[in-house]
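Asks: Here is a sequence together with a model predicted from it:
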Amino acid sequence: MGFGIIAGIFLGLRSITELGYEPAVYQAQKTGPNSATLSISTFPDSHVCHADEGEPQIDWVTYCPSTNFEVPANSLITVIIKQYDTSSGLVNDYFQQVQGTVGGIELVNGKPMSQIAIDDVAHTFTIQSRPNEAHPLFVSVPLVGVPDNAPNAVTINGNPYPKPNVITFQFRTGPPGTYIWHCYVPCGSDRGAPFGFSGPMSTTGYMAGVLNVANY
Ligand SMILES: [Cu+2]
């Protein structure tokens, strides 16, 4: 029920251009006849992925290089997320669990984890189905934040960031279909409960998007 409401609101917002947009489709790279890898990042600002935006969007947290993903049908999908942001913590501890992945785990810098402490989560990658979906998909993975005092260690497009946490997990797709995904950490403007769901959390193209399962 809650997911259905969120899906409905999300699909409604997508049609209002002032509240975000759909970036170009970013396709998972095929690694075999029934496998593919989706390599993405999460950044504490938008200097890499929305470099042309002004204030306040340039300071918004964002997934990168897109939020509009396409993955092959009937395949094993390996997701690799380089997570550069600090944690702001979860409100809803349901999302501290790894759910819907192969083996019920994620690898955090190579270490298998089935849940993350709520205060250590920077973002979630949560794939959901629209109401009455014939082939429901639910995958939810909490992404561990880098330490608040982590020194900058890498430079991407001229922007300094700390060494990222590298999070990997796998899930299986069924027939073609359209799903949505969203972050559930209040990582938006005025981070921290009960705020944090505005700005990049309520604007498509930053902390929410579409996952298209397609034949390719
Ligand atoms: Cu987030």
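Replies: Sure, I can see it.
Asks: Need the per-residue pLDDT for the residue nearest the centre of the chain.
Replies: Closest residue to the average C-alpha location of the chain: Phe125 at 3.7 Å, with CA atoms, centre = their mean. As predicted, Phe125 sits at a pLDDT of 98.
Asks: Over to Met1?
Replies: At Met1, pLDDT is 46.
Asks: helices and strands of this protein: which one bottoms out on pLDDT?
Replies: Between all helices and strands in the chain, the lowest mean by mean pLDDT, DSSP states H and E belongs to helix 2-14, at a mean of 50.
Asks: In terms of secondary structure, what does the very next helix or strand once past it contact?
Replies: Counting by DSSP states H and E, the element after helix 2-14 in chain order, helix or strand, is strand 26-27. Contacts defined by 3 or more CB pairs under 8 Å, 6 or more residues apart in numbering; DSSP states H and E place strand 26-27 against strand 68-72. Backbone N, C-alpha and C define where each C-beta goes, glycine included.
Asks: looking at this, the residue nearest to the centre of the chain is in a helix?
Replies: No - read with DSSP: H, G, I helix; E, B strand; the rest coil, Phe125 is strand and lies in no helix.
Asks: and the host helix or strand of Leu107, which strands flank it?
Replies: Taking DSSP H and E as the criterion, Leu107 maps to strand 106-108. Each strand paired with strand 106-108, and its direction, by DSSP bridges: strand 111-113 (antiparallel), strand 165-172 (antiparallel).
Asks: Can you confirm whether stretch 56-63 lies near the ion?
Replies: No - with CB under 5 Å from the ion as the criterion, the ion is not reached by stretch 56-63; the gap is at least 5.6 Å.
Asks: buried ones in that stretch?
Replies: By neighbour count on 16 or more other CB atoms under 10 Å, the buried set for stretch 56-63 is Gln57, Trp60, Val61, Thr62, Tyr63.
Asks: Then stretch 132-149?
Replies: Leu137, Val139, Ser140, Val141, Pro142, Leu143, Val144, Gly145, Val146.
Asks: Same check on stretch 165-174?
Replies: So, applying 16+ other CB under 10 Å, buried residues of stretch 165-174: Asn165, Ile167, Thr168, Phe169, Gln170, Phe171, Thr173.
Asks: try stretch 82-95
Replies: Applying 16+ other CB under 10 Å to stretch 82-95 flags Lys82, Gln83, Tyr84, Asp85, Thr86, Ser87, Ser88, Gly89, Leu90, Val91, Phe95 as buried.
Asks: roughly how far is it from the heart of the chain?
Replies: 11 Å (CA atoms, centre = their mean, to the nearest Å).
Asks: Secondary structure element for the residue lying closest to Tyr63 once chain neighbours are set aside, which one?
Replies: Once flanking residues are discounted, Tyr63 sits nearest to Thr42: 5.6 Å by CB to CB, 6 or more residues apart in numbering. Thr42 belongs to strand 35-43 when assigned by DSSP H and E.
Asks: got it, and Val154?
Replies: strand 152-156.
Asks: Show me which residues of the protein are close to the ion?
Replies: Residues of the chain lying near the ion (CB under 5 Å from the ion): His123, Cys183, Val185, Cys187, Met207.
Asks: All set, thanks.
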